[in-house]
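Chemist: Have a look; sequence and predicted model below, questions after that.
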Amino acid sequence: MTVWITGASSGLGLYAARALRDAGHQVIAGARSFSAGQAEGIDRLPLDVTSEESIDAFCRAALVISPGVDALVQCAGVLVLGSCEETSLEEYRRVMDTNFFGMVRMNQHVLPLMRKAGGGKIVLFSSINGLLGVPFQSAYTAAKHAMEGYAECLAMECRSFGIQVCLVEPGDHRGGSRVYRTHAAAMGEQSPYRDGFLSATSRIDRDEQGGSDPVRLGRKVARVLKRRRIPFRLRVASPDQHLAVFLHDGPPCLHFKVLRDYYLGGRGKD
């Protein structure tokens, strides 16, 4: 199987690429930092999912390496941490352009190839944040919520062409790159949200450092792609994160209190 994967230079994308290689697939990986060539048994190509020209060049080069694409795994993403009030529109646009529109661009280039071939598999890396919000992650959360709704539409539209869709919803995992996780420019000493921001980002850092093993997540994705029928959702998270998703569907007052207490230490009024 030939698998194209985006965002493969670091984090979960890198671990997924390695796991797919170890499972015997031909992996063609894209990232902004890559130059054309092969490393670790993986074909690498430059790819910026925010650029139509870059995506087109990636696709043309990938089809020279292997004349088809059986699966597309989309991991490209960035994160900006900041309050809803102070995160700039440009910062929101940057996150949406990579995490959501970049994903859409890649799909629109790959879907005609899969339709012509009579089928294919598309794996979209969403997040637990695609199901619930976390303080100071509104840009990332909005992009992942958009991906969740988009994927439901895509799965229904493409079924008759033999194209299957899977949403991977990881919880906290180790191995993320801080290069793609920045703070909003306005979150300085003068921000009225400063105390809550520091509390939340400290908790986020601890959870990621103590998160699940990204190697295991990559192997789960590789196993899913080997199945004849892939699941629409693959949630890979700790028990407490599964519980958070469950609580999200319950009374809103309880859900908000639990998350506010966890990330903000109970700051705010009831």
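Modeler: Ah, there it is.

Chemist: Assign a three-state SS to the spatially closest residue to residue 50 that is not a sequence neighbour, would you?
Modeler: Closest residue to residue 50 apart from its sequence neighbours, by Cβ to Cβ, 6 or more residues apart in numbering: residue 97 at 4.9 Å. Glycine gets a C-beta too; all of them are placed from N, C-alpha and C. Taken by DSSP: H, G, I helix; E, B strand; the rest coil, the conformation at residue 97 corresponds to helix.

Chemist: For residue 97, grab the count of nearby residues.
Modeler: 16 (other Cβ atoms under 10 Å).

Chemist: cool, and residue 8?
Modeler: Neighbours of residue 8 under the rule other Cβ under 10 Å: 29.

Chemist: ok, now the one 5 residues further on?
Modeler: Other residues near residue 13 number 25, with proximity taken as other Cβ under 10 Å.

Chemist: Over to residue 265?
Modeler: Residue 265, neighbours per other Cβ under 10 Å, totals 13.

Chemist: ok, the closest residue to it other than its chain neighbours to residue 115 distance?
Modeler: With sequence-adjacent residues excluded and distances taken as Cβ to Cβ, 6+ apart, residue 265 is closest to residue 199, at 5.4 Å. Going from residue 199 to residue 115 by Cβ to Cβ, to the nearest Å gives 49 Å.

Chemist: Show the secondary-structure elements that the longest helix anywhere in the chain is packed against.
Modeler: When the chain is parsed with DSSP state H, its longest helix is helix 138-158. Here helix 138-158 touches strand 79-81, helix 89-96, helix 102-117, strand 120-125, strand 163-170, going by 3 or more Cβ pairs under 8 Å, 6 or more residues apart in numbering; DSSP states H and E.

Chemist: how far out from the middle of the chain is that helix?
Modeler: 11 Å (Cα atoms, centre = their mean, to the nearest Å).
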